[in-house]
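**Q** got a predicted model here, sequence first, then my questions.
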Amino acid sequence: AFQTESDCEVINALYREDTPASFLNRLNGIFAFALWDNANGRAIIARDPMGVRPFAFHHAPGRLFVFGSSADAVVAQGEVPTDLDEGRIADALIGETEGIDQTCTLYQAVQRLPPAHWLRERQNWLLVWECSRQPLGDRLVLPIPAASYIRQSWPAWRGAAWRWASASPFPTGPSAPPAR
């Protein structure tokens, strides 16, 4: 029985009863966490399949492992180099390639853990794995046939896309509102 209402207890319990590759595929939801296994001298770090929760880190083998929810939080530790990644800054300013590389940050020494990935740090080595479960895990079941669902929901999707595009500072396509 759990002693608190924290979801951390669920993660700890699953970790104790299964391997990381298996228990991480059983988690359903949004998460980013680091778990230290003192008995085995290792850390397990994981991020949810959709990448909703951010996870940034710096790893200097044998010396330093720092993590946080943003690159700024990681460099705030003080020992992490703050050299800027000029290529990443150019990508962010241009906007055309933004989001393609899911690992780099504005700092050369700080990386992001991609969605649906986990790390294992042991004896100064950092190993990266991808979770086998795809986002949404289970097959989507629609209340009506797919063709009908698409036909009925298309106006709402189109309107939402237009509202998002019209709020963007970058040109994104036609400037006329969708037909009703």
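**A** Cool, the structure landed.

**Q** every contact and neighbour count from this point should use C-alpha atoms.
**A** Fine.

**Q** just want the most central residue of this protein.
**A** Geometric centre of the chain, nearest residue: Gly51, 2.6 Å, by C-alpha atoms, centre = their mean.

**Q** export whichever strand or helix holds Trp154 as PDB, just CAs?
**A** Using DSSP states H and E, Trp154 falls within helix 146-167. Extracted in PDB, the C-alpha atoms of helix 146-167 (Å, rounded to 0.1, in the frame of the first residue of the first chain):
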ATOM      1  CA  ALA A 146     -13.100   7.100 -39.500                       C
ATOM      2  CA  ALA A 147     -14.300   8.800 -42.700                       C
ATOM      3  CA  SER A 148     -17.300  10.200 -40.900                       C
ATOM      4  CA  TYR A 149     -15.200  11.400 -38.000                       C
ATOM      5  CA  ILE A 150     -12.800  13.200 -40.300                       C
ATOM      6  CA  ARG A 151     -15.600  14.800 -42.300                       C
ATOM      7  CA  GLN A 152     -17.400  16.000 -39.100                       C
ATOM      8  CA  SER A 153     -14.300  17.200 -37.300                       C
ATOM      9  CA  TRP A 154     -12.500  18.900 -40.200                       C
ATOM     10  CA  PRO A 155     -14.000  22.400 -39.700                       C
ATOM     11  CA  ALA A 156     -12.900  22.400 -36.000                       C
ATOM     12  CA  TRP A 157      -9.400  21.300 -36.900                       C
ATOM     13  CA  ARG A 158      -9.100  23.800 -39.700                       C
ATOM     14  CA  GLY A 159     -10.300  26.600 -37.500                       C
ATOM     15  CA  ALA A 160      -7.900  25.700 -34.700                       C
ATOM     16  CA  ALA A 161      -5.000  25.600 -37.200                       C
ATOM     17  CA  TRP A 162      -6.000  29.000 -38.600                       C
ATOM     18  CA  ARG A 163      -6.200  30.600 -35.100                       C
ATOM     19  CA  TRP A 164      -2.800  29.100 -34.200                       C
ATOM     20  CA  ALA A 165      -1.200  30.300 -37.500                       C
ATOM     21  CA  SER A 166      -2.700  33.800 -37.200                       C
ATOM     22  CA  ALA A 167      -1.100  34.200 -33.800                       C
END
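
**Q** now that helix: mean pLDDT?
**A** Helix 146-167 comes out with an average pLDDT of 73.

**Q** and the closest residue to Phe2 other than its chain neighbours, how far from Ala34?
**A** Computed as C-alpha to C-alpha, 6 or more residues apart in numbering, the closest residue to Phe2 that is not its neighbour in sequence is Glu9, at 6.8 Å. Distance of Glu9 to Ala34, given as C-alpha to C-alpha, to the nearest Å: 13 Å.

**Q** mind listing what's buried along stretch 79-89?
**A** 80, 82, 88 (16 or more other C-alpha atoms under 10 Å).

**Q** now do the SS call for the first one.
**A** Secondary structure state of Val80, per DSSP: H, G, I helix; E, B strand; the rest coil, is coil.
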